[in-house]
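*Asks:* Got a predicted structure here, sequence first:
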Amino acid sequence: MLEVVTRDRLMDAAAELLLGACCVGCGAPGRGLCRGCGQVLQREPVHSVRGLSVPVVVAAHYRGVVRSLVLSAKERNGLALVIVLAGRLALAVAALVGAVEPPQPLWLVPIPSNPATLAHRGLDFTGSLATRAARQLRAQGLQVGVVRALRQRRRPADQSGLGVAERYSNLHHAYRSRGRPRTGSVIVVDDVITTGATVSEALRALALSGHDVVGAAAVAWTPRRGSGRR
């Protein structure tokens, strides 16, 4: 019995032969994310997390396939991977909007990238996620835009290896708001929420400038034992 070879399967085979391409989730030959890992991603729960001063909704746990996808999207600057993650961010924002019912238009404010990281990668990762998520949300009928209303006042130390209190101290007054507040509602967006320190600092800076921040959304979060903060 002859097997029908689809265009996608031919492209997968060619990518594996020429580029050594593989699924970023499990390493299987192919491009981007295989069907199995895609199904794993789709099963990730969209849910709220506690511990911050505003409602927060995330679309996955930062582990396994999701973690591999985020890291690969950052390091490879892969547009296809960014689009997949933007879809998850759009789900989180939509769930937040459904719960809070804020006045529109909605403004997604991405956490600003570290200038050194931006120069190294050549991609404003969180900004790209926000832009593509907003595009998907507009297609659903929501009035959504993106405004880069945050800027770093100083360069924080690397957060890796820092505890909860150290992260909050490290980011204390690290951001400032720029531009006038927009009419409508602001939602802070990020790729991954770990302790909540980054989002908390963003909320402080935006509220100080008069922005009406109604919540925060992220692709994924990292739960910490014994703490309600994310």
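*Replies:* Received, thanks.
*Asks:* Can you classify the spatially most central residue of the chain as helix, strand or coil?
*Replies:* For the chain, the residue nearest the mean C-alpha position is residue 191 (2.3 Å; Cα atoms, centre = their mean). Secondary structure assignment for residue 191 (DSSP: H, G, I helix; E, B strand; the rest coil): strand.
*Asks:* so who does residue 217 touch?
*Replies:* Taking Cβ atoms under 8 Å, 6 or more residues apart in numbering, we find residue 217 in contact with 56-59, 89, 92-93, 95-96, 187-189. (Each C-beta comes from the backbone N, C-alpha and C, glycine too.)
*Asks:* no no, residue 41
*Replies:* Applying Cβ under 8 Å, 6+ apart to residue 41 gives the contacts 25, 33, 60, 65-66, 69, 84, 88.
*Asks:* host element of it?
*Replies:* Following DSSP states H and E, one finds residue 41 within helix 35-43.
*Asks:* Quick one: name whatever helix or strand follows that helix.
*Replies:* Proceeding N to C from helix 35-43, the next assigned helix or strand is strand 47-49, under DSSP H and E.
*Asks:* roughly how far out does stretch 87-95 sit from the chain middle?
*Replies:* Stretch 87-95 has its average C-alpha position 10 Å from the chain's average C-alpha position, going by Cα atoms, centre = their mean, to the nearest Å.
*Asks:* List the buried residues for stretch 186-199?
*Replies:* For stretch 186-199, the buried set under the neighbour-count rule, 16 or more other Cβ atoms under 10 Å, comprises 186-199.
*Asks:* Keeping just the C-alphas, turn it into PDB.
*Replies:* Extracted C-alpha coordinates of stretch 186-199, given in PDB (Å, rounded to 0.1, in the frame of the first residue of the first chain):
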ATOM      1  CA  VAL A 186      -3.900  48.400  30.600                       C
ATOM      2  CA  ILE A 187      -2.800  44.800  30.800                       C
ATOM      3  CA  VAL A 188       0.800  44.000  31.600                       C
ATOM      4  CA  VAL A 189       2.100  41.000  29.600                       C
ATOM      5  CA  ASP A 190       5.200  38.800  30.000                       C
ATOM      6  CA  ASP A 191       6.500  35.500  28.700                       C
ATOM      7  CA  VAL A 192       7.000  33.800  32.100                       C
ATOM      8  CA  ILE A 193       6.100  34.800  35.600                       C
ATOM      9  CA  THR A 194       8.300  33.200  38.300                       C
ATOM     10  CA  THR A 195       8.000  35.100  41.600                       C
ATOM     11  CA  GLY A 196       5.900  38.100  40.400                       C
ATOM     12  CA  ALA A 197       8.700  40.600  41.100                       C
ATOM     13  CA  THR A 198       8.900  41.800  37.500                       C
ATOM     14  CA  VAL A 199       5.200  42.200  37.100                       C
END
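*Asks:* what's the average pLDDT for that stretch?
*Replies:* Per-residue pLDDT over stretch 186-199 has a mean of 94.
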